[in-house]
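Colleague: Below is the sequence, then the predicted model.
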Amino acid sequence: MSIETVERPSTGAATAGQPMLDVKDLVVRYGNGRKASSAPAAVDGVSFSIQAGETVGLVGESGSGKSTIGKAILGLQKVSGGSIAFQGKDITSPDAARRRALGSELRAVFQDPNSSLNPRMTIGASLAEPLRVRGVSAGEARTRARDMLERVGLAGDAVDRYPSQFSGGQRQRISVARALICEPQLVVCDEAVSALDLSTQAQVLNLLADLRDERGLSYLFIAHDISVVQFLAQRVVVLYRGQVMEAGPTAAVTESPKHPFTQALVAASPVPRPAEQARRRALRESLGIRTAAAVAATPGGCPFRQRCPLATELCATERPALRRVGNADVACHYA
Ligand SMILES: Nc1ncnc2c1ncn2[C@@H]1O[C@H](COP(=O)(O)OP(=O)(O)OP(=O)(O)O)[C@@H](O)[C@H]1O
Ligand code: SF4
Ligand SMILES: [Mg+2]
């Protein structure tokens, strides 16, 4: 079983030391014209990079801007400020030709596999589609679709079946196959395992890890649950209301979080061991952090200040810049 290289226009080769993806001071506001300029930023000055073969996890509560960042990288959301570079080339506002070329280098796996699988098309046709667009013959595309399906753990004869004939976990494997069939460099996985039960989640995470190691892929792995991100990511970026609160190596961020919000996120993360779960519940209560629903967003200062038990006058007036604490970058005046 082999996956051959797909002929495609290249967006440029990554050179040594150059990040696969470089996001700088990204700002996204929803709405058009004057409405957008007065709207609060859904993403407010976010910077991070992903190296070749690296997985970066993007975590945060619902509404923190994770998917907006993913969509901006994929060219699906207009950017209001900052820049995005892929393999050293600017893709902040790609034109149609660049977007087509990027279509095979930069792929996505979303939470809902139905969004990438047409219910009226056979799995074989869905998988072949991105190859056919790039000039691969029908017979060759079908062979590659079968190979790819076998690689993600499904029988090759799945090519003749329809999405409704598979379970949720199998459909997510098919989405992974569809994302990888063009041999991309970077895959944005947005809540790719969140809808699956725990054991299926583990199987799909293992599959993503194996494919990454085999193919030297880079992932931006988006999830609200830090324990899911922890499994795959070498580095983690923690978002709160569109801003980075903490970023660093996974072990540093998850084992000794420095930012009060990261501490709350880690304490809220479910674990299968009852004793550890009880310890985290006690920690969560001792932190005295208010729920998101209890506070409204107010501009200026630290975005977390209304929920933070350590907040002072300074936190209300000055937005904390990211600064190095240990081996992580933390945006807190008192970390
Ligand atoms: N199409 C849209 N129009 C207007 N506002 C939007 C739109 N999409 C998202 N938003 C807003 O932007 C903010 C960030 O949303 P986003 O979907 O990026 O969050 P998220 O971190 O992915 O959340 P979740 O974990 O629930 O998926 C939210 O306040 C949301 O209401
Ligand atoms: S800057 Fe202030 S409000 Fe923000 S997390 Fe740190 S202590 Fe809390
Ligand atoms: Mg989302």
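Modeller: Arrived safely. Computed from a predicted model, the values in this text were never measured in an experiment. Ligands and ions are numbered 1, 2, ... in the order given.
Colleague: first to last residue in stretch 83-100, what's the distance?
Modeller: Distance across stretch 83-100, first residue to last, is 19 Å (C-alpha to C-alpha, to the nearest Å).
Colleague: tell me the average confidence for that stretch?
Modeller: Mean pLDDT, stretch 83-100: 91.
Colleague: any idea how far that stretch is from the chain center?
Modeller: 18 Å (C-alpha atoms, centre = their mean, to the nearest Å).
Colleague: What residues sit buried inside it?
Modeller: Neighbour-count burial for stretch 83-100 flags I84, A85, F86, Q87, I91, T92, P94, R98, R99 (criterion: 16 or more other C-beta atoms under 10 Å). Glycine gets a C-beta too; all of them are placed from N, C-alpha and C.
Colleague: can you tell me which of those are in strands?
Modeller: I84, A85, F86 (DSSP state E).
Colleague: Redo these as TSV? Include distance to ligand 2.
Modeller: Formatted as TSV, those follow (distance: C-beta to the nearest ligand atom, whole Å):
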residue	distance to ligand 2
I84	27
A85	30
F86	32
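Colleague: Distance of G135 relative to ligand 2?
Modeller: 52 Å (C-beta to the nearest ligand atom, to the nearest Å).
Colleague: I misspoke; the intended subject was S167.
Modeller: Using C-beta to the nearest ligand atom, S167 is found at 42 Å from ligand 2.
Colleague: and if you look at K66?
Modeller: As judged by C-beta to the nearest ligand atom, K66 and ligand 2 stand 19 Å apart.
Colleague: Could you do G65 as well?
Modeller: Applying C-beta to the nearest ligand atom to G65 and ligand 2 gives a distance of 17 Å.
Colleague: Over to I50?
Modeller: 26 Å.
Colleague: what's the burial count for that residue?
Modeller: 23 (other C-beta atoms under 10 Å).
Colleague: do R132 as well
Modeller: 14.
Colleague: hang on, it packs against A141?
Modeller: Yes. Using C-beta atoms under 8 Å, R132 is in contact with A141, at 5.5 Å.
Colleague: burial measure for Q111, as a count.
Modeller: When neighbours are counted by other C-beta under 10 Å, Q111 registers 19.
Colleague: what does the one 10 residues further on give?
Modeller: M121: 14 surrounding residues under other C-beta under 10 Å.
Colleague: before we move on, what about P40?
Modeller: Neighbour tally, P40, other C-beta under 10 Å: 11.
Colleague: tell me which element the single nearest residue of the stretch 101-250 of the chain relative to ligand 2 is part of?
Modeller: Ranking the residues of the stretch 101-250 of the chain by distance to ligand 2 (C-beta to the nearest ligand atom) places M245 first, at 7.3 Å. Element membership of M245, judged by DSSP states H and E, is strand 243-249.
Colleague: What residues of the helix or strand that comes right after that strand count as buried?
Modeller: With elements assigned by DSSP H and E, the helix or strand that comes after strand 243-249 is helix 250-255. Buried residues in helix 250-255, counting neighbours by 16+ other C-beta under 10 Å, are found at T250, A252, V253, T254.
Colleague: quick one: the second one from P40, how far?
Modeller: A252 sits 30 Å away from P40, taking C-beta to C-beta, to the nearest Å as the criterion.
Colleague: do the same with the third one
Modeller: Distance check for V253 against P40: by C-beta to C-beta, it reads 26 Å.
Colleague: now do the last one
Modeller: For T254, the distance to P40 (C-beta to C-beta) stands at 29 Å.
Colleague: count of neighbours near the residue of the stretch 151-300 of the chain found nearest ligand 1?
Modeller: Closest contact between the stretch 151-300 of the chain and ligand 1, by C-beta to the nearest ligand atom, is at H224 (4.8 Å). By the measure other C-beta under 10 Å, the count of residues near H224 is 19.
Colleague: Surely it touches L58?
Modeller: No. Applying C-beta under 8 Å, one finds H224 not in contact with L58, separated by 9.9 Å.
Colleague: Name the residues contacting each of the two.
Modeller: In terms of C-beta atoms under 8 Å, 6 or more residues apart in numbering, H224 and L58 are both contacted by the residues K66.
Colleague: out of the buried residues of stretch 83-100, who's nearest ligand 1?
Modeller: Out of the buried residues of stretch 83-100, the member with the shortest distance to ligand 1 (by C-beta to the nearest ligand atom) is I84, at 15.3 Å.
Colleague: which ones are touching the closest residue to T254 other than its chain neighbours?
Modeller: Among residues not flanking T254 along the chain, Q230 sits closest, at 5.2 Å (C-beta to C-beta, 6 or more residues apart in numbering). Q230 sits next to G57, V236, T250, T254 when contact means C-beta under 8 Å, 6+ apart.
Colleague: one more time with 10 Å, if that's ok
Modeller: Q230 is in contact with G57, V59, A223, V236, T250, A251, V253, T254, E255, V266, S269, counting by C-beta atoms under 10 Å, 6 or more residues apart in numbering.
Colleague: next helix or strand past the lowest-mean-pLDDT helix or strand in the chain?
Modeller: In the chain, no helix or strand scores lower on mean pLDDT, DSSP states H and E than helix 33-38, which sits at a mean of 68. Scanning forward in sequence from helix 33-38 by DSSP H and E, the next helix or strand is strand 43-50.
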